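**Q** The following comprises the amino acid sequence and a computationally predicted model.
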Amino acid sequence: MALSKDFLWGGATAANQCEGAYREGGRGLANVDVIPHGPDRQAVMRGTRRMLEPDGEHFYPAMYGIDFYHHYKEDIRMFGEMGFKVFRLSIAWSRIFPQGDETEPNEEGLRFYEDVFRECHKYGIEPLVTITHFDCPIHLIEAYGGWKNRKLIDFYKNLVTILFTRYKGLVKYWITFNEINMILHLPFMGAGLLFEDGEDQTAAKYLSAHHELVASAWATKIAHEIDPENKVGCMMAAGDYYPYCSLPEDVWAAKGKDHENLMFIDVQARGYYPAYARKQFERMGLDLGITEEDRRMLREYTVDFVSFSYYSSRCITTQEGVGETIGNAFKGTRNPYLKASEWGWQIDPLGLRITMNSLYDRYQKPLFIVENGLGAKDELVDDGHGSYTVDDQYRIDYLREHIQAFKQAVEEDGVELLGYTPWGCIDLVSASTGEMAKRYGFIYVDRDNQGNGSMKRYKKKSFEWYKKVIASNGEDLA
Ligand code: BGP
């Protein structure tokens, strides 16, 4: 059995990593704008270094991105040329509500996304919209403490009501929060959280996560009420944990790490906090202030599909002296059987099939792979026809192996999969490092880590390859 003819092939981006134009069209300042490139980035992303406005010393790559704001027509035309059926992008909250707590939206921001969605439809491309991909208006952080504050639920409800109403008929696939479990690792970037010295960070993260989970349930309810055609998904940074060896303690440690991530999706897809989480909160003496209404919302408004990013499997051990690795902000044990990217993210295509089986067994809901790919250094070379290109065979190899893996999950294991949107289909700013040099795209963008470059777009070798993959519905991967 091959992939269904409706399979959604495409690519994924996020506003903060590609739009730029951070002060245009009435847009307000957001957390993502003030996360600098360079050695201070980690501390800012983690919420331990306070930076709520730009200073003269740092470079802030998200402010400029790849200037998708002004290049979207050209970019979407190129996606159309590759045959995309779907394009994942996110809304910059502060374009719609510059401060976050206004009652009336910013018309210019709304119009920008409307134009983008119309442009997509010109090429038969369905938008897949992440409502929040890491961004939170700065004012909501300064005045309310970001997602630590329950009031954010109301501001988010206001945002989604506007979005679902305005884009009815233009958008039907929605994701409420990108990588919701990232809040545990990069809390300022993920949820606008800043910590005081001595503050119980874990408590603050779970409290904020609860507010996001309730907001997500509200979004699902409102989306369905405004248009029954709407499909709403949750989104996790996925990748099953492997025990480093068969030592029962290692197996148990892997189970614990999986629980840590799956807890969010358990709530969004099954409708309640699982027993292991309730016990954990009890042990920690955590009161999340869960109301009866919260419980009802979570129970009644579970998601329609489960989307996730997959870059690697993960590994964990209880033993001392074993090598470490990092991938997508998740520290773990280095798996000796896997090779790694130039940034040390380990590569495991079979892990994608394993992860898909775990998620499908657990939730029995359609899955959507909304991020996957290889961040690599690319070299722009003369293509011999008066232009430039990149010979990114390494990227083609990575993607081919992952496509083969998800096809096996679908065709041999019976997993339901709605689509595949590899990350950074056009080069964009790296979330973890703020670099431009870490490229994922089928399209090269002339821009460097310091912000120099013409912003011109070039097709890489993988561009033609992916076009063929889509045209053959994944049959021709050569
Ligand atoms: C995920 C994020 C993306 C993206 C991707 C690749 O965590 O959802 O925004 O950036 O990882 O990571 P990086 O850009 O650090 O290579």
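**A** Good, I have the coordinates.

**Q** how about the strands in the stretch 51-200 of the chain?
**A** Listed in chain order, the strands found in the stretch 51-200 of the chain under DSSP state E, counting those that start in this stretch are 86-90, 126-132, 173-177.

**Q** can you give me the offset of the last one from its chain's centre?
**A** Spelled out, it's strand 173-177. Strand 173-177 has its average C-alpha position 10 Å from the chain's average C-alpha position, going by C-alpha atoms, centre = their mean, to the nearest Å.

**Q** Check which helices and strands it sits against.
**A** Secondary-structure packing of strand 173-177 (3 or more C-beta pairs under 8 Å, 6 or more residues apart in numbering; DSSP states H and E): strand 126-132, helix 201-226, strand 231-238. All C-beta spots, glycine's among them, are computed from the backbone N, C-alpha and C.

**Q** Quick check: residues of the stretch 1-150 of the chain near the ligand?
**A** 14, 17 (C-beta under 6 Å from any ligand atom).

**Q** Could you list the low-pLDDT ranges of the stretch 1-150 of the chain?
**A** 1 (pLDDT under 70).

**Q** Distance of the residue lying closest to G271 once chain neighbours are set aside relative to T220?
**A** Sequence neighbours aside, R299 is the residue nearest to G271 in space, at 4.3 Å (criterion: C-beta to C-beta, 6 or more residues apart in numbering). As judged by C-beta to C-beta, to the nearest Å, R299 and T220 stand 12 Å apart.

**Q** How about H70?
**A** 34 Å.

**Q** sorry, back to before: return the most buried member of the helices and strands packed on strand 173-177.
**A** strand 231-238 (a mean of 26; mean count of other C-beta atoms under 10 Å).

**Q** So what touches it?
**A** 130, 172-182, 216, 219-220, 223-224, 261-262, 264-265, 268-269, 303-310, 328-330, 355, 359, 368, 370 (C-beta atoms under 8 Å, 6 or more residues apart in numbering).

**Q** from those residues, which ones fall inside helices?
**A** Among the contacts of strand 231-238, the ones falling in helices (DSSP state H) are 216, 219-220, 223-224, 261-262, 264-265, 355, 359.

**Q** With distance to K5 as new columns, can the helices and strands packed on strand 173-177 be given to me in CSV?
**A** As requested, those are exported to CSV (distance: least, C-beta to C-beta, whole Å):
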stretch, distance to K5
strand 126-132, 14
helix 201-226, 26
strand 231-238, 18
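
**Q** Report the closest residue of the stretch 251-400 of the chain relative to the ligand.
**A** G375 (4.3 Å; C-beta to the nearest ligand atom).

**Q** For stretch 246-261, buried residues please.
**A** 250-251, 253-254, 257-258, 260-261 (16 or more other C-beta atoms under 10 Å).

**Q** For stretch 17-25, measure first residue to last.
**A** Terminal residues of stretch 17-25 lie 17 Å apart, using C-alpha to C-alpha, to the nearest Å.

**Q** Next: stretch 383-395.
**A** 18 Å.

**Q** That one: which residues count as buried?
**A** 388-390, 392, 395.

**Q** Nearest residue to the middle of the chain?
**A** N178 (4.2 Å; C-alpha atoms, centre = their mean).

**Q** Name the nearest residue to that residue, ignoring sequence neighbours.
**A** H133 (4.0 Å).

**Q** try D413
**A** N357 (5.7 Å).

**Q** quick one: average confidence on the host helix or strand of the one you found?
**A** Per DSSP states H and E: N357 is located in helix 349-363. Helix 349-363 shows a mean pLDDT of 98.

**Q** and for stretch 266-281, what are the contacting residues?
**A** Contacts for stretch 266-281 (C-beta under 8 Å, 6+ apart): 176, 180, 206, 213, 216-217, 234, 259, 263, 288, 295, 298-303, 306, 362-363, 365.

**Q** Out of the residues you listed, which are close to the ligand?
**A** Within the contacts of stretch 266-281, nothing lies near the ligand by C-beta under 6 Å from any ligand atom.

**Q** what about burial for the residues you listed, which qualify?
**A** 176, 180, 206, 213, 216-217, 234, 263, 288, 298, 301-303, 306, 363, 365.

**Q** how about the buried residues of stretch 246-261 in CSV, adding distance to the ligand, pLDDT and secondary structure?
**A** Converted to CSV, the buried residues of stretch 246-261 look like this (distance: C-beta to the nearest ligand atom, whole Å; pLDDT from 0 to 100; DSSP: H, G, I helix; E, B strand; the rest coil):
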residue, distance to the ligand, pLDDT, secondary structure
D250, 26, 98, helix
V251, 27, 98, helix
A253, 23, 98, helix
A254, 21, 98, helix
K257, 17, 97, helix
D258, 18, 98, helix
E260, 16, 97, helix
N261, 13, 97, helix
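
**Q** what's around E435, how many residues?
**A** 18 (other C-beta atoms under 10 Å).

**Q** Surely it and G451 touch.
**A** No: checked against C-beta atoms under 8 Å, the pair E435 and G451 is beyond contact range at 11.3 Å.

**Q** list residues touching both of the two?
**A** P61.

**Q** G10: how many residues sit nearby?
**A** 25.

**Q** Can I take it that it is in a strand?
**A** Yes: counting by DSSP: H, G, I helix; E, B strand; the rest coil, G10 is located in a strand.

**Q** which residues does the residue nearest to it when sequence neighbours are not counted bridge with?
**A** What sits nearest to G10 in space, not counting adjacent residues and going by C-beta to C-beta, 6+ apart, is V86, at 3.6 Å. Counting by DSSP bridges, V86 is bridged to G10, E126.

**Q** In contact with V86, which residues are there?
**A** V86 neighbours (C-beta under 8 Å, 6+ apart): 8-10, 125-128, 173, 419, 421.

**Q** count of residues packed around E379?
**A** Neighbour tally, E379, other C-beta under 10 Å: 10.

**Q** whoops, I mixed them up, E119
**A** Neighbour tally, E119, other C-beta under 10 Å: 19.

**Q** before we move on, the earlier item: cross-reference the buried residues of stretch 383-395 with the strands and report the matches.
**A** Mapping these onto strands (DSSP state E) picks out 388-389.
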